[in-house]
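A.B. asks: Whatever this is, show me its structure:
(chains A and B)
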There are 2 protein chains.
Amino acid sequence: MFANTPEPPYYAVIFSSLMSNDTDGYENMAELMVALASEQGGFLGIESAREELGITVSYWQDLASIKQWKAHAKHRIAQKYGREKWYSDFKVRIAKVEKDYAL
Amino acid sequence: MFANTPEPPYYAVIFSSLMSNDTDGYENMAELMVALASEQGGFLGIESAREELGITVSYWQDLASIKQWKAHAKHRIAQKYGREKWYSDFKVRIAKVEKDYAL
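C.D. replies: Just a heads-up that it's a prediction; the model follows:
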């Protein structure tokens, strides 16, 4: 359930979003993108939750792997739909995880 | 709705959790802690969502403000309840936000 990340340092992409009213096709694309991201080099894991606000945090080995995933052709199509159709707003924050601990 | 964070760099505390079956008192304490955190030096904002997995990301000016909040007496009581009662599992990741962008 939690992303099974290695010892820090590694990177987090914190994606916060609000859905528009036009969510047709969103669920399928979201599933597809999680599956595709999981196959990318440097992918470490993903965690996601939504109430009104949605938060998805994906974890990556380094900035290069984040950049490659952002530029992936299929992911670019999903991003375009996201910007133009599915999301009324979003914010992306790229952060270097320096420390972690658990229960 | 989104945390109104300044230009990076700043810090994120990514708190991922699973609730136990014993959530008595949790909602009140969670509200209290959000209110109290908001009053602390260096606090920049907070975003939260829960399905089965809960993700709360709080944003802070620097590591010192995160450390002070972790050590706050009332927050320590909440942390103790969290560890012993409310959460069946959690993971905390402390990360330096290097870059952000929006829709």
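A.B. asks: contacting residues around A:Glu98?
C.D. replies: With contacts defined as CB atoms under 8 Å, 6 or more residues apart in numbering or on different chains, A:Glu98 is in contact with A:8-9, B:94-96. All C-beta atoms are positioned from the backbone trio N, CA, C, and that covers glycine.
A.B. asks: If we use 10 Å, what do you get?
C.D. replies: By CB atoms under 10 Å, 6 or more residues apart in numbering or on different chains, A:Glu98 lies in contact with A:8-10, B:11, B:63, B:93-96.
A.B. asks: Now do the same for it: its pLDDT.
C.D. replies: You'll see A:Glu98 listed with a pLDDT of 98.
A.B. asks: Now name the helix or strand holding it.
C.D. replies: strand A:87-102 (DSSP states H and E).
A.B. asks: Touching the longest helix anywhere in chain A from outside, list them.
C.D. replies: The single longest helix within chain A, with elements called by DSSP state H, is helix A:26-38. When contacts are defined by CB under 10 Å, 6+ apart, helix A:26-38 is touched by residues A:13, A:19-20, A:23, A:43-46, A:48, A:54, A:56, A:58, A:60, A:69, A:72, A:74-75, A:77-79, A:81-82, A:85-87.
A.B. asks: Show me these that map onto helices.
C.D. replies: Among the contacts of helix A:26-38, the ones falling in helices (DSSP H) are A:69, A:74-75, A:77-79, A:81.
A.B. asks: Among those residues, the buried ones, what's the ChimeraX command?
C.D. replies: The ChimeraX command for the buried members of the ones in helices among the contacts of helix A:26-38 (criterion: 16 or more other CB atoms under 10 Å in any protein chain shown) is given here:
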select /A:69,75,78
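A.B. asks: From the ones in helices among the contacts of helix A:26-38, pick the one nearest chain B.
C.D. replies: Of all the ones in helices among the contacts of helix A:26-38, chain B sits closest to A:Gln79, with 10.5 Å by CB to the nearest CB.
A.B. asks: got a list of what the closest one touches?
C.D. replies: Going by CB under 10 Å, 6+ apart, A:Gln79 touches A:33, A:70-72, A:87.
A.B. asks: Any figure for the gap between it and A:Glu98?
C.D. replies: 28 Å (CB to CB, to the nearest Å).
A.B. asks: what pairs with the residue nearest the centre of chain A across the strands?
C.D. replies: Most central in chain A under CA atoms, centre = their mean is A:Ser58, positioned 4.5 Å from the mean C-alpha point. A:Ser58 has the following beta-bridge partners by DSSP bridges: A:Val13, A:Ile46.
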